[in-house]
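1. This is the structure alone, sequence omitted:
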C-alpha cells in the first residue's frame, strides 16, 4: 500500500519579531488540545499531482484564503507513521480571524449512527517563533527551524550587498 503524502504552506511575516501562521484542526478529537496540536495548513495529494499546487489548494481549502508570491522550498519531513510532508515557506500577511475552512463528515459520538459536520480547521493564528515551536505538532517543528535558517541566510545575503 502506497504511503500518503501531504503538502502545505508555512506563511511568515515580519513584525516586531518573525511570526508564522498555523491552523488548529477541527473536530471533536482536537477540541481540547492546544500545545502540540497546531499545524501548517496542509493536506494529502495524489500521485502525479504537483506538490506545490496541492499545497496552494490545501491552503485555500483550510483557510478560505489564497496566497501567491515567492515560495521557498523546505526539505520534506517524514512523519512517524511514514507520511511525507512537503512544505514551502512564503512571506505573506493575512487576517487569521478571516480564515474559514471546508467541512468534513464524521460519525459523532462514535457508534451513534449520527453523522455531523465539522470544520477541517477550527481556527488560525499567527505565532512568534518560540510560541509556534510549542504549539506545532512535533513532527512539523522541523519546518519552523528550516524556515528560520532560510530567512537568516536570505537576510545575510541582502546585508552583504
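-> Looks like it arrived, so ask away. Not measured: the values here are computed from a predicted model.

2. Tell me the predicted confidence for residue 4.
-> Note for residue 4: predicted pLDDT of 87.

3. who's in contact with it?
-> 44, 83 (C-beta atoms under 8 Å, 6 or more residues apart in numbering). Using the backbone N, CA and C atoms, a C-beta is placed for each residue, glycine as well.

4. same check, this time on residue 99
-> Residue 99 touches 23, 62-65, 121, 123-124, counting by C-beta under 8 Å, 6+ apart.

5. Dump the residues you listed into CSV; add secondary structure, pLDDT and neighbour count as well.
-> Converted to CSV, the contacts of residue 99 look like this (DSSP: H, G, I helix; E, B strand; the rest coil; pLDDT from 0 to 100; neighbours: other C-beta atoms under 10 Å):
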residue, secondary structure, pLDDT, neighbour count
23, strand, 98, 23
62, helix, 95, 26
63, helix, 97, 24
64, coil, 95, 15
65, coil, 95, 18
121, strand, 95, 24
123, strand, 96, 16
124, strand, 98, 24
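
6. Pull the most distant pair out of those.
-> 65 and 123 (13.6 Å; C-beta to C-beta).

7. Quick one: low-confidence residue ranges for the protein.
-> Scanning the chain with the threshold set as pLDDT under 70 gives 1-2, 156-161.

8. Mind doing that once more with 50?
-> 1 (pLDDT under 50).

9. Longest strand of it, counting residues only.
-> Longest strand of the chain, by residue count under DSSP state E: strand 5-14.
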